[in-house]
Every structure is written in structure tokens, then in C-alpha cells.
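Engineer: no letters, just coordinates:
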């Protein structure tokens, strides 16, 4: 669970538009998001049945920030995080983290495998893989 959460938190922090933010704010945001997700997923992590609980483990940034993103932003002193992140959904599952940009009215979807246990790596925020 830890590797997947670390990969997800790194992706969200790297995807944040940084203009006007200090590196310290980004570091705090990332750390707080990691802690929030680890706590949130406790008891909802099923390595033998990865799909079980996947909706609960999804991070959704649509018209409203996901509560985990909101908590991390508040701790980091970032008041406008909703404007700094792409509208998207991330699924954090055992062995894999995937991201999908919500593209309203646009036929081109952007998808990314952020982490794959088989690949043992993390894709950077601008590298589109799938």
C-alpha cells in the first residue's frame, strides 16, 4: 500500500501548478496527502482482490476537491488547489495506480499509469502511458 500511496502523492504534487507556491508548501502537501491516504485506506486494502474497494480508494477532482486533497492543501497553506490541478480521477489499487483526465467536450482522453508493481516505477506527470 505504501508504494502505491507514495506514487499517487508524488503525482498530485508534481502535477500542481506551482506559480506562487514555495517548495516547502509542495513538500508539505505531498507529505500530508501521503498520511491522509494511508489512514483513509487502512482496512480498505485487499491485495488478493485488487478491485474490491477501488471506488472507495479513488481520488476525484471534479467540480469539488477530493477531501484528501483538501486536507493536504489546507495543511500546506494552499488555498486555491482546485485551480492548480487537472480535473481528473485517480484509482489507487494494490499493485497499480492509474489516472484519467476528465475532458468535458473533448474526444481525446489523457490516461496515465502512474505506478505499476510489474514495472516497479513511477511515471512523471507529463509522460502519457497506457
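Structural biologist: Received, thanks. A quick note: this is a predicted structure, and the numbers were derived from the prediction, not measured.
Engineer: determine the set of other helices and strands touching the helix ranked longest in the chain.
Structural biologist: When the chain is parsed with DSSP state H, its longest helix is helix 23-41. Counting contacts by 3 or more Cβ pairs under 8 Å, 6 or more residues apart in numbering; DSSP states H and E, helix 23-41 is packed against helix 2-15, helix 67-76. (C-beta placed from N, C-alpha, C; glycine too.)
Engineer: one more pass at 10 Å, please.
Structural biologist: On a contact count with 3 or more Cβ pairs under 10 Å, 6 or more residues apart in numbering; DSSP states H and E, helix 23-41 meets helix 2-15, strand 58-61, helix 67-76, strand 88-93.
Engineer: report the buried residues of the shortest one.
Structural biologist: Residues of strand 58-61 classed as buried: 59-61 (neighbour count, 16 or more other Cβ atoms under 10 Å).
Engineer: that older thread, contacts for the longest helix of the chain?
Structural biologist: Helix 23-41 has contacts (Cβ atoms under 10 Å, 6 or more residues apart in numbering) with 1-2, 4-6, 8-14, 16, 18, 21-22, 45, 53, 56-57, 59, 66-78, 81, 84, 92, 94.
Engineer: what's the angle from that helix to helix 2-15?
Structural biologist: Helix 23-41 runs at 140 degrees relative to helix 2-15, counting by axes from the mean of the first three to the mean of the last three Cα atoms, to 10 degrees.
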